[in-house]
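1. Have a look; sequence and predicted model below, questions after that.
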Amino acid sequence: GTILLSEEWSEKLQSKGGVVGGLAGLLSGKSEGRVKLPLTIGGTITSPKVSLDFSAMAKDAGETLLKDKAEGLLNGLFKKKKK
């Protein structure tokens, strides 16, 4: 599953420097700016276990980086020339 952090918590994570802030920025949606954390849920009814899904985080972060890089390259190719 995925948990969508509140705007307040998302801003707190994104304002931190280093790896945490960078990862929070990659996991946030461009339009809403809120951080989406992928979770795995396991265990039993009497002893549930919830943890971050690091493989989904890596996939999401990689897709975001790839999309941003592709958009930048396309914008550079089709940049309007100034007269």
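-> Yep, that arrived.

2. where's residue 49 relative to residue 58, distance?
-> 20 Å (C-beta to C-beta, to the nearest Å). Using the backbone N, CA and C atoms, a C-beta is placed for each residue, glycine as well.

3. which of those two has more neighbours?
-> residue 58 (13 against 9; other C-beta atoms under 10 Å).

4. tell me the contacts of that one?
-> For residue 58, the contact set (C-beta atoms under 8 Å, 6 or more residues apart in numbering) is empty.

5. Looks to me like it is in a strand.
-> No - applying DSSP: H, G, I helix; E, B strand; the rest coil, one finds residue 58 to be helix, outside a strand.

6. From residue 27, how far off is it?
-> 11 Å.

7. by contact count, what packs against the longest strand seen in the chain?
-> Scanning the chain for the strand with the most residues, using DSSP state E, yields strand 36-43. If you count contacts as 3 or more C-beta pairs under 8 Å, 6 or more residues apart in numbering; DSSP states H and E, strand 36-43 packs onto strand 2-4, strand 48-52, helix 54-77.

8. count of neighbours near residue 44?
-> Residue 44: 7 neighbours (other C-beta under 10 Å).

9. and what of residue 40?
-> 13.

10. Chain neighbours aside, what residue packs nearest to it?
-> residue 53 (4.7 Å; C-beta to C-beta, 6 or more residues apart in numbering).

11. isn't the one you found right up against residue 42?
-> No - contact criterion C-beta atoms under 8 Å: residue 53 and residue 42 do not qualify, at 10.8 Å.

12. And those two? Which one has more around it.
-> Comparing residue 53 with residue 42 by neighbour count (other C-beta under 10 Å), the higher total belongs to residue 53, at 16 against 9.

13. OK, contacts around the more buried one?
-> 38-40.

14. Now do stretch 44-58: distance from first to last residue.
-> The straight-line separation of the ends of stretch 44-58 (C-alpha to C-alpha, to the nearest Å) is 27 Å.

15. Can you give me the buried ones in that stretch?
-> Using 16 or more other C-beta atoms under 10 Å as the burial criterion, the residues of stretch 44-58 that qualify are 53, 56-57.

16. Those into a markdown table, with extra columns for pLDDT and distance to residue 13?
-> As requested, the buried residues of stretch 44-58 are exported to a markdown table (pLDDT from 0 to 100; distance: C-beta to C-beta, whole Å):
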| residue | pLDDT | distance to residue 13 |
| --- | --- | --- |
| 53 | 87 | 17 |
| 56 | 83 | 17 |
| 57 | 79 | 13 |
